[in-house]
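In: only geometry, no sequence info:
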């Protein structure tokens, strides 16, 4: 398995990124803030209106370092992509499959199975870890409903029906999400998923972590030679990394939701970390976002044993491992795409 | 793994000064300068070989010297820093 490379986050809007030799140099008003050798980096994520030199963009595109620009609030602005590379045959196969509804559904259902399975285990784990603090009966019932849905999804070959099952599973899981918030109840509540804009503290964190995860997943897909814009479950839409969103489904719960819950339950965030704007949107303060990113990066360094590969890898490489398995399936080396089943 | 590179390049001639600059430049492409002629590079085995070859090509074996200290993957408890110019932890969270 490849080594997990670092991600450089730039959270100040007035920093200019330039290239010097094989280093990225961060300049603030002609003053050097720091320099990082690019071979240690997998991606650069810039928040706010940070500038980058064309030479750096060229270098990044050429050396498979992804360069991403987000607004201060973490909304996607632009990504620098180079000449499409990797394997033409693999990509053609991907396009052909995505045109075929039934074949797409056969792959898409495994993403959904992974998602429901992981959500089920998040619920199960909560009952095991906090049997006295949550309504165990309610959790067990939801878990059984999810198990039943997995069996339905297993034999489903229509995309519309798949989306229906996914919706049902999401309702079952979201209903219990609030119960998994065990600390700071008065400041952090989850009623409903809201996005564009997120309307409460929990949604603000969820949105932000999904953006980070989508970026990691898209880079992983591009790295194995797949086209992150052509999805199986999510249909094509200009500018949307559909395949990354597909692959993310099974990782949302274990990589993003659980992360957000930990932040709240371990009191690593507090209500002072959020501001409400005039339009009702809730965003994180700059200081809080920095801490959130630090925690996110540290989390990526933690190790797990990959359930399918049986290899010990860091969490940050899970999207890579899954992208690799998907590519193997598209190449017919694997009969089916094995989703990431966390337990 | 972390490799510590130190060098001594004779600068009595102008050719020597040019070698010194070229050595520094190559080292900087692979890692960060922690002291005047001391670099810390986080590289894999292939990159390390590449780096060594590039440096050997530049230096004059009769006048200059290079030292490579391999600190392995668990270098974090082997390095201690005191005083100014704290280096960047390239494998920790990079948030600027």
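Out: Arrived safely. The shown structure was predicted, so the numbers you read here are calculated from the model rather than taken from an experiment. Numbering: from 1, shown residues only, chains lettered A, B, ... in the order given.

In: quick check: mean pLDDT of stretch A:160-176?
Out: Averaged across stretch A:160-176, pLDDT comes to 87.

In: list of residues touching that stretch?
Out: A:105, A:108-109, A:112, A:115-116, A:119, A:122-123, A:138-139, A:142, A:145-146, A:149, A:152-153, A:156, A:190, A:192-193, A:233, A:249, A:253 (CB atoms under 8 Å, 6 or more residues apart in numbering or on different chains). Placement of C-beta: from N, CA and C, glycine included.

In: now, of these, which are buried?
Out: A:105, A:108-109, A:112, A:115-116, A:119, A:122-123, A:139, A:142, A:145-146, A:149, A:152-153, A:156, A:190, A:233, A:249, A:253 (16 or more other CB atoms under 10 Å in any protein chain shown).

In: which ones among the contacts of stretch A:160-176 also lie next to chain B?
Out: Residues of those in contact with chain B (CB under 8 Å from any CB of the partner chain): none.

In: among the residues you listed, which are in helices?
Out: A:105, A:108-109, A:112, A:115-116, A:119, A:122-123, A:138-139, A:142, A:145-146, A:149, A:152-153, A:249 (DSSP state H).

In: buried ones in the lengthiest helix in chain B?
Out: If you go by DSSP H, chain B has its longest helix at helix B:14-30. Neighbour-count burial for helix B:14-30 flags B:16, B:19, B:20, B:22, B:23, B:24, B:26, B:27, B:28, B:29, B:30 (criterion: 16+ other CB under 10 Å).

In: got it, and stretch A:38-48?
Out: Applying 16+ other CB under 10 Å to stretch A:38-48 flags A:38, A:39, A:40, A:41, A:42, A:43, A:44, A:45, A:46, A:47, A:48 as buried.

In: pretty sure the first one contacts residue A:60?
Out: Yes - judged on CB atoms under 8 Å, residue A:38 makes contact with residue A:60 at a distance of 7.5 Å.

In: now the closest residue to residue A:212 other than its chain neighbours: how far from residue A:262?
Out: Spatially, and ignoring its direct neighbours in sequence, residue A:212 is nearest to residue A:296 (6.0 Å; CB to CB, 6 or more residues apart in numbering or on different chains). For residue A:296, the distance to residue A:262 equals 11 Å [CB to CB, to the nearest Å].

In: those two - which one has more neighbours?
Out: Between residue A:296 and residue A:262, counted using other CB atoms under 10 Å in any protein chain shown, residue A:296 has the larger neighbour count: 23 against 12.

In: which strands and helices lie in contact with the strand or helix carrying that one?
Out: Using DSSP states H and E, residue A:296 sits within helix A:286-301. Packing contacts for helix A:286-301, counted by 3 or more CB pairs under 8 Å, 6 or more residues apart in numbering or on different chains; DSSP states H and E, involve strand A:6-10, helix A:201-223, helix A:258-265, strand B:94-95.

In: to residue A:92, which of those lies closest?
Out: helix A:201-223 (15.6 Å; CB to CB).

In: show me what the closest one is packed against.
Out: Applying 3+ CB pairs under 8 Å, 6+ apart, one finds that helix A:201-223 makes contact with strand A:41-47, strand A:66-70, helix A:242-251, helix A:258-265, strand A:282-284, helix A:286-301, helix A:318-330.

In: low pLDDT regions in chain A?
Out: Residue ranges of chain A with pLDDT under 70: A:1-2, A:73-75, A:82-86.
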